[in-house]
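In: Got a sequence here, can you model it:
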Amino acid sequence: MELLGEEYLAEYEPLYQYSGEIQQSRLEKMVKEMRSILGQNKVEQQIQRRINSVFVELVQNIILHGYAGANVFPEGEISIAKWENQYHIVSGNYIQNTSLTKFLKELDRLNIMEKKMINQLKWSCMQKTGLYLEQNAGIGLLEILSRADSKIQYEWHSFSEQISVIILKVIVGGSNCVSI
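Out: Predicted structure coming up:
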């Protein structure tokens with residue numbers, strides 16, 4: 001499985017990369033591996049915490065919304081790469097086309113909001129008993145946007161009539177955004 005593409009891998013040289021089935025029980029091991037690598041690379045603690053939050057939410061997104069097909073668990077890829085003073089966290093997974101349109105619409109709606117509004121929505125959502133806002137924007141996307149130094153960039157490609165591949169990219173640690 002190579003959802004992120006050779007161009008990405010050649011350009012960014014990932015510090016951490018995982019590809020395969022993704023499930024909740026694997027998440028803890030992935031986080032430990034990722035933290036160890038960030039520590040070895042002497043990434044500042046505050047940046048590590050923000051990368052960790054974004055990483056966990058991107059993996060959770062694959063677990064909750066990824067398409068599993070014939071597998072028991074969805075397959076996906078996640079990568080963390082350093083480029084200048086920025087850390088690029090990129091995930092890729094299969095998604096049903098019936099879910100894709102709704103997901104992209106919510107993502108676009110949240111991406112136009114200012115950081116202050118994102119934080120207000122996140123805290124409001126966390127105070128409610130449910131995990132989702134009335135508009136169906138998951139708290140995970142709000143967490144990503146509150147921790148990132150970029151909007152959530154995305155691209156998608158049709159894989160079949162029923163399935164697409166979606167790639168999400170978030171930047172932590174710098175204010176200059178670059179596109180995928």
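In: Following the helix of greatest length in the chain in sequence, what is the next regular element?
Out: Taking DSSP state H as the criterion, the chain has its longest helix at helix 45-65. Using DSSP states H and E, the helix or strand that follows helix 45-65 towards the C-terminus is strand 75-83.
In: State the next helix or strand along the chain beyond that next one.
Out: Counting by DSSP H and E, the next helix or strand C-terminal to strand 75-83 is strand 86-96.
In: coming back round to it: show me what counts as buried in the longest helix of the chain.
Out: 47-48, 50-63, 65 (16 or more other CB atoms under 10 Å). Glycine gets a C-beta too; all of them are placed from N, C-alpha and C.
In: And for stretch 151-167?
Out: 151-154, 156, 164-167.
In: ok so, going back, can you spell out which helices and strands pack onto the longest helix of the chain?
Out: helix 24-40, strand 75-83, strand 86-96, helix 139-147, strand 163-172 (3 or more CB pairs under 8 Å, 6 or more residues apart in numbering; DSSP states H and E).
In: of these, which approaches E13 most closely?
Out: Closest to E13 of the helices and strands packed on helix 45-65, according to CB to CB: strand 75-83, at 6.2 Å.
In: Where does the prediction get shaky in this protein?
Out: 1-12, 126-137, 174-180 (pLDDT under 70).
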